[in-house]
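K.L.:
give me the fold of what follows.
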Amino acid sequence: MSIRIVAASTLFAIIMIVAAGCSSSAGYSTQAAAATPVPSPTPASLAGYAQPDLGGEHVSFTTSDGVLLRGHLYGRGATGVILAHMYPADQSDWTDFAKVLADHGYQALTFDFRGFTESEGRSGTEFADRDLLAAYEFMRPRVPTIFFAGASLGAEAAILVAVGNPVAGVICISVPSSFGGLDVSQAVREVKAPILFVTSTGDALVAGQPEILYKSAKAPKSFQSLPGSAHGTAILHGPHSQELQSLMLRFIAANQPHASANEDRQ
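P.N.:
I've put the predicted structure just below:
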């Protein structure tokens, strides 16, 4: 009896050691949590982690420094909307709205920044604008009109890329003046495209920074503050989801090239 108990416990110990060894080499990245200060205790998504299929067309493109990024493309319209996620989330935060955009006749692209979930490379928030530029260059041959919609870090990247590249409009949700190695306090003054700023009244993570950037912007601009304390794309998953979706859809429709032409004729 005692011999069987010892043998069983020994076998169990061996199994646990083997299992631990397998888990350490299962493709999880210990690099995903960058040294950048985090605005939330939630850890960043891990590159290589198996995720549910987000649908749409699976696409990929490479950044100027050779990092492979992966995303999902929805819809077949002539206007493209590139959706940039916040930190420490990933592109799945935008999936539902991307499908809404597709239903409204737009092409919507979601993608993961480097080091997050489906994309390769080490997580580095300071390269978010470089990653978004790669997404922009992927979309440019496909659609004549492009909008950016970014949340928090993604909104910073959207402002920076919009400075040197033609876009029809920029949507900035819960955008900070600086975070993750990026600073848009001066760049926002150089954006020529219309900008929609959206924030929550009680969002302690940005604490009035979207309002400061709104005041600094020289482009045609609008500002909307929603009740609550939700940050970034968390607003899309809360009680003010429909209000935010409507704001973004109206902004995109109002800033179509044909819409501007119609206004000029009136």
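
K.L.:
all contacts plus neighbour counts: C-alpha atoms, from now on.
P.N.:
OK.

K.L.:
check the residue nearest the centre of the chain and give its pLDDT.
P.N.:
The centroid of the chain falls nearest to residue 85 when counting by CA atoms, centre = their mean (1.2 Å). Listed pLDDT for residue 85 reads 98.

K.L.:
so the nearest residue to residue 157 once chain neighbours are set aside, which of the three states?
P.N.:
Spatially, and ignoring its direct neighbours in sequence, residue 157 is nearest to residue 129 (4.2 Å; CA to CA, 6 or more residues apart in numbering). At residue 129 the chain is in helix, as set by DSSP: H, G, I helix; E, B strand; the rest coil.

K.L.:
give me the distance between the residue nearest to the centre of the chain and residue 218.
P.N.:
25 Å (CA to CA, to the nearest Å).

K.L.:
could you do residue 180 as well?
P.N.:
Counting by CA to CA - residue 180 and residue 218 are separated by 24 Å.

K.L.:
ok, now which ones touch the residue nearest to residue 157?
P.N.:
156, 157, 158, 160, 161 (CA atoms under 8 Å, 6 or more residues apart in numbering).

K.L.:
so which bits of the host helix or strand of the second one are buried?
P.N.:
The one in question is residue 157. Residue 157 belongs to helix 153-164 when assigned by DSSP states H and E. In terms of neighbour count (16 or more other CA atoms under 10 Å), helix 153-164 has its buried residues at 153, 154, 155, 156, 157, 158, 159, 160, 161, 162, 163.

K.L.:
could you do stretch 64-84 as well?
P.N.:
67-75, 77, 79-84.

K.L.:
same check on stretch 174-186?
P.N.:
174, 175, 176, 177, 179, 180, 182, 183, 184, 185.

K.L.:
nearest to residue 110, of the buried residues of helix 153-164?
P.N.:
residue 154 (11.2 Å; CA to CA).

K.L.:
does the closest one touch residue 126 like I think?
P.N.:
No - Residue 154 is beyond contact range of residue 126, at 11.1 Å (criterion: CA atoms under 8 Å).

K.L.:
phi and psi next, for residue 101.
P.N.:
The phi/psi pair for residue 101 (degrees, to the nearest 10) reads phi -60, psi -40.

K.L.:
switch the contacts of residue 129 over to a markdown table; also include distance to residue 104.
P.N.:
Formatted as a markdown table, the contacts of residue 129 follow (distance: CA to CA, whole Å):
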| residue | distance to residue 104 |
| --- | --- |
| 156 | 26 |
| 157 | 25 |
| 158 | 22 |
| 160 | 27 |
| 161 | 25 |
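
K.L.:
ranges for the helices of the protein?
P.N.:
2-24, 95-103, 128-139, 153-164, 209-216, 241-254, 257-265 (DSSP state H).

K.L.:
any weak-confidence spans in this structure?
P.N.:
1-50, 259-266 (pLDDT under 70).

K.L.:
please identify the buried residues of stretch 226-237?
P.N.:
226, 230, 231, 232, 233, 234, 235, 236.

K.L.:
which of the residues you listed fall in strands?
P.N.:
Mapping the buried residues of stretch 226-237 onto strands (DSSP state E) picks out residue 226.

K.L.:
that older thread, helix 128-139 and the helix holding residue 157, what's the angle between them?
P.N.:
60 degrees (axes from the mean of the first three to the mean of the last three CA atoms, to 10 degrees).

K.L.:
give me the residues contacting helix 153-164.
P.N.:
Residues contacting helix 153-164 (CA under 8 Å, 6+ apart): 83-87, 125, 128-130, 132-133, 148-150, 170-180, 182-184, 187-188, 190-193.
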